[in-house]
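In: Structure for this input, please:
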Amino acid sequence: MTDHSPAALPWRQLAASIYLPTTLSFIGFGAIVPLVPLTARALGASVAEAALVVALMGIGTLIGALPAGVIANRFGEKRSLVGAMLLDAVCLLVCAAASSEWVLAGAVFVIGLSGAMLSLARQSYLTVAVPLEYRARALSTLGGVFRVGNLVGPLLGAAVVSLWGLQPAYLVAAGTSLIAVAVTLALPDLPEHEPSAGEQPVRMLTVLREHSRTYATAGLGASALMLVRASRDALLPLWCEQISLDAATTSLIFALSSGIDMTLFYVGGSVMDRFGRRWVSVPSMVIMGLCFALLPLAHSTLAVAMFAAALGLGNGISAGVVMTIGSDFSPRLGRPQFLAGWRLTTGIGRAAGPLLITAVAAVAPLGLAAVAIGAIGFAGAGWLWRWLPSTLGPG
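Out: Got it, this is the predicted structure:
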């Protein structure tokens, strides 16, 4: 039975020490993401090599998921957060000083590893520190912070690059990580679990095996949700290009979608806390599935903008829902290891979206790829309705 005993720490008092450093670190991360391929090209990489360097960050995040659970269980969430942000700052300094694309590639890969640790430790910390009745709002706010970083970070990066060039942008990002470390040190320590007599240390493979059914049921549905959400970033710009919209119009349409997305995270969290996880995860999948299924009918700027806005609605209300569901199912013993497996399961879904679009578009019209993503959205909605409990937590 999953433990949901109320935590001793009042979550509103954690706002500055958990959300502020998260915002800072993700602004820094958002600032350098668009610059990585440009830096690789400036160091002599080909277009294909630059794309590989960018992909290494996502690969590092996936590979780092399970080790992150082991580290968080061994050292605790707070120390893991501090260590990961320090490692992040060091890697950003290496990026700034990189003399070849392969040095840059190695640093970017390790940034992906540290990102896995940061995401898992923050989720695990809030799962323990926040009472169940506020959990969805707390984790949805965390999801909203990610979106703020993705919006503000590139703007900051663009300003720094325009004034001083590429390398200083990495130094600014390293600085935000170091400030985040200082703020994170103010986090209260979580109560430590006291092992009972005869209790054995929890091992990663044991936790994964014991909860394999959860990964195959609720985890599969959450993975489908991540796949559909990730598909927006790949499919929407491609469809704009397909109907001959220029780059500026495409950027404005995407900004509209992202702006709506960023404003709705707390609404989704409030609905989940009051009515249950089904009432956000299922509608968001239906909304996004419908948008993708009908996207091939959009042949004007206004029509695409309307679908983009609706995708922002579906994506925005579902901010934090995957983390919330994972936290609901997480056990008291072995929580970091369980969440590591959960993040790996859903991370595979996120990576699969753009790959599926690429595979379908290689042999069929792009509109068919959109319809395929829409079908996954509808199927995922039904799957989540079947496997998520109707009450708060897994019941």
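
In: Let me know the distance separating L225 from Q123.
Out: Going from L225 to Q123 by Cβ to Cβ, to the nearest Å gives 16 Å. For every residue, glycine as well, the C-beta is placed using N, CA and C.

In: Kindly report the same for V70.
Out: With Cβ to Cβ as the criterion, V70 and Q123 are 15 Å apart.

In: more crowded one of these two?
Out: The residue with more neighbours, out of V70 and Q123, is Q123; 26 against 14, by other Cβ atoms under 10 Å.

In: What is the distance between the helix or strand where that one lies and the centre of its chain?
Out: Assigned by DSSP states H and E, Q123 falls within helix 101-129. Centroid separation for helix 101-129 versus its chain: 11 Å, with Cα atoms, centre = their mean, to the nearest Å.

In: Name the next helix or strand downstream of it, please.
Out: helix 135-164.

In: Just give the nearest non-adjacent residue to A310, would you?
Out: Spatial nearest neighbour of A310, chain neighbours left out: C291 (4.9 Å); criterion: Cβ to Cβ, 6 or more residues apart in numbering.

In: tell me what the helix or strand encompassing that neighbour is packed against?
Out: When elements are assigned from DSSP H and E, C291 belongs to helix 278-294. Judged by 3 or more Cβ pairs under 8 Å, 6 or more residues apart in numbering; DSSP states H and E, the packing partners of helix 278-294 are helix 218-242, helix 265-275, helix 301-317, helix 321-329, helix 366-387.

In: Show me what stretch 79-95 is in contact with.
Out: For stretch 79-95, the surrounding residues in contact (Cβ atoms under 8 Å, 6 or more residues apart in numbering) are 21, 25, 28-29, 32, 36, 39, 68, 71-72, 75, 103-104, 106-108, 110-111, 113-115, 117-118, 120-122, 125, 170-171, 173-175, 177-178, 180-181, 184-185, 187.

In: packing partners for the helix holding Q123?
Out: Looks like helix 101-129 contacts helix 20-32, helix 35-42, helix 47-63, helix 65-75, helix 77-97, helix 135-164, helix 321-329, helix 335-363 (3+ Cβ pairs under 8 Å, 6+ apart).

In: of all the ones you listed, which lies closest to R386?
Out: Closest to R386 of the helices and strands packed on helix 101-129, according to Cβ to Cβ: helix 321-329, at 13.5 Å.

In: separation between Q167 and Q242?
Out: 37 Å.

In: Those two: which has the busier surroundings?
Out: Between Q167 and Q242, counted using other Cβ under 10 Å, the more crowded position is Q242 (19 against 16).

In: pLDDT weak spots in the stretch 251-395 of the chain?
Out: 391-395 (pLDDT under 70).
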